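> The sequence isn't on hand, but the structure is:
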DNA sequence: CCACCCATGTAACTAGTTACATGATTTC
DNA sequence: GAAATCATGTAACTAGTTACATGGGTGG
């Protein structure tokens, strides 16, 4: 959250803030595998989507910024489709990733609309939220099943590598989160039906 | 997430999207108690801050927008400090709150930087994240203790009202979240130290 | 030849953050 | 009379969203 650099743009002095994380997520993803913006967007949806979503527009914008800062370079792929560019992380990008990782940060917020809707229900009377809670409960159950499948297929080795163990930790955070939401949703449904 | 209205502004036709939630959080807060923007910001930090933070600048901006839409009105307080305005919710505001509550929505994302840092650690080698995880573990423990105190003081009645039961549900979501993070952090610390 | 996926991008917005600014009232 | 708190706001940014636009390649 501290400003660490500034530059001129037009006539306006302005500060760059370096608590941004989408860039760091992309750097990590590109270190794992150099890719085009499109591939990155697809992979992001699959691997980071446990806890984050980003649109392709955002990703292209951040890639352009990172290229300006020389954290990544891009080159047009010969054999690929017209215009396809391969992004690769440069030493400055790796450096930045290390710097960012050692920074302190805030734990993320929960930011769940349902909590607001419950407050509204308490304030202006029954709003019939049970259906929506049931819908969400099902979504959480589907997510949890997916995670459990990944767990069974990717993390059952006897002697997992360091990398595998870390990726498992991340998955377990997702599993715990979904389980928590499921338990809570069931509690909420029981409470609401008891009161109706 | 659907567009439901449009209007002219300058020469540009543009759409209004009504999935916004800060306005609905403020409407609920104002129904509970009509307040000035300043009081609202303080109260927001206390009651909604389990899962959401908003700055006073954001709150004043949304209050101005809601006044334009006639969801709230404001009047200068006679006895108060110079310029103090009391905001009150109008029927259109209550109507809007009901409409929004019956809408379907997406469950919130987790969006935790630490997961990204762990991925980076897996990709470019040990980054020494244990200290930061320990720091966060302590933050979660403090939050949990606070929630447990609120639980003991506000939610021990034998026959809680509907409103109290709903507010307790919201608190329990916060408690479950913090407990989940604590358990996960301990697991992560154990895994990292085993590998080091 | 048509639909679908790959691939890149612009325009224009809404939401959230940070810095700066001002002044009144209460408390010590 | 100085510091803390109450109270409102502007300016200027960064982050994220939605709509629109374009075109090539692949599979049926």
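Sure, I can see it. Everything numeric here is computed off the predicted structure, so don't read it as measured data. Numbering: from 1, shown residues only, chains lettered A, B, ... in the order given.

> Please identify the helix or strand for the most centrally placed residue in chain A.
Chain A has residue A:52 as the residue nearest its centroid, 2.3 Å off, counting by Cα atoms, centre = their mean. Using DSSP states H and E, residue A:52 sits in no helix or strand.

> Walking through chain A, point out its strands one by one.
Ranges of strands in chain A, per DSSP state E, are A:3-9, A:12-17, A:72-76, A:85-89.

> my guess is the residue nearest to the centre of chain A contacts residue A:26, does it?
No. Residue A:52 is beyond contact range of residue A:26, at 11.2 Å (criterion: Cβ atoms under 8 Å). (Each C-beta comes from the backbone N, C-alpha and C, glycine too.)

> What lies in contact with stretch A:130-147?
The contact list for stretch A:130-147 (Cβ atoms under 8 Å, 6 or more residues apart in numbering or on different chains) reads A:50, A:114, A:117, A:171, A:174-175, A:178-179, A:181-182, A:185-186, A:188-189, A:192-193, A:196, B:104-105, B:107.

> Need the residues touching each of residue A:52 and residue A:26.
residue A:44.

> For the residue nearest to the centre of chain A, what are phi and psi?
Residue A:52 adopts backbone torsions of phi -160, psi 140, taken as degrees, to the nearest 10.

> and if you look at residue A:155?
phi -130, psi 40.

> That one and residue A:168, how far apart?
As for residue A:155, its distance to residue A:168 is 5 Å (criterion: Cβ to Cβ, to the nearest Å).

> out of these two, which sits in the busier spot?
Between residue A:155 and residue A:168, counted using other Cβ atoms under 10 Å in any protein chain shown, the more crowded position is residue A:168 (19 against 15).

> Distance check, the residue nearest to the centre of chain A against residue B:124.
Distance from residue A:52 to residue B:124, by Cβ to Cβ: 19 Å.

> So what's the residue count around the closest residue to residue A:173 other than its chain neighbours?
In space, residue A:173 comes closest to residue B:184 once its chain neighbours are excluded; the distance is 5.3 Å by Cβ to Cβ, 6 or more residues apart in numbering or on different chains. Counted with other Cβ under 10 Å, the neighbours of residue B:184 add up to 24.

> residue contacts, residue B:184?
Contacts of residue B:184 by Cβ under 8 Å, 6+ apart are A:169, A:172-173, A:176.

> Would you mind listing the buried residues in the longest helix seen in chain A?
The longest helix of chain A (DSSP state H) is helix A:162-195. Neighbour-count burial for helix A:162-195, counted by 16 or more other Cβ atoms under 10 Å in any protein chain shown, picks out A:165-182, A:184-185, A:188, A:191-192.

> same deal with stretch A:76-92?
A:84-87, A:89-90.

> show me which of those residues neighbour DNA strand C.
Counting by Cβ under 7 Å from any atom of the strand, A:84-85 from these sit close to DNA strand C.

> Let me know the closest of the buried residues of stretch A:76-92 to residue B:66.
residue A:87 (42.9 Å; Cβ to Cβ).

> The closest one reaches residue A:71, doesn't it?
No. Judged on Cβ under 8 Å, residue A:87 makes no contact with residue A:71 at a distance of 9.9 Å.

> just to revisit the earlier point, ok, of the strands of chain A, where does mean pLDDT dip lowest?
Averaged per stretch, pLDDT over those is lowest on strand A:3-9, reaching a mean of 31.

> Quickly list the domain ranges of chain A.
A:20-101, A:113-195 (automatic domain parsing).

> so what's the residue lying closest to residue A:24 once chain neighbours are set aside up against?
Leaving aside its chain neighbours, residue A:24 sits nearest to residue A:100 (5.1 Å; criterion: Cβ to Cβ, 6+ apart). Each residue near residue A:100 by Cβ under 8 Å, 6+ apart is listed here: A:18, A:21, A:24, B:117, B:120.

> want to throw those into a markdown table with pLDDT, neighbour count and distance to DNA strand C?
Output for the contacts of residue A:100, formatted as a markdown table (pLDDT from 0 to 100; neighbours: other Cβ atoms under 10 Å in any protein chain shown; distance: Cβ to the nearest atom of the strand, whole Å):
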| residue | pLDDT | neighbour count | distance to DNA strand C |
| --- | --- | --- | --- |
| A:18 | 51 | 16 | 10 |
| A:21 | 90 | 15 | 12 |
| A:24 | 96 | 25 | 16 |
| B:117 | 95 | 23 | 18 |
| B:120 | 96 | 25 | 21 |
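
> Could you dump those into TSV and include distance to residue B:75?
TSV is the format used below for the contacts of residue A:100 (distance: Cβ to Cβ, whole Å):
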residue	distance to residue B:75
A:18	44
A:21	43
A:24	48
B:117	49
B:120	53
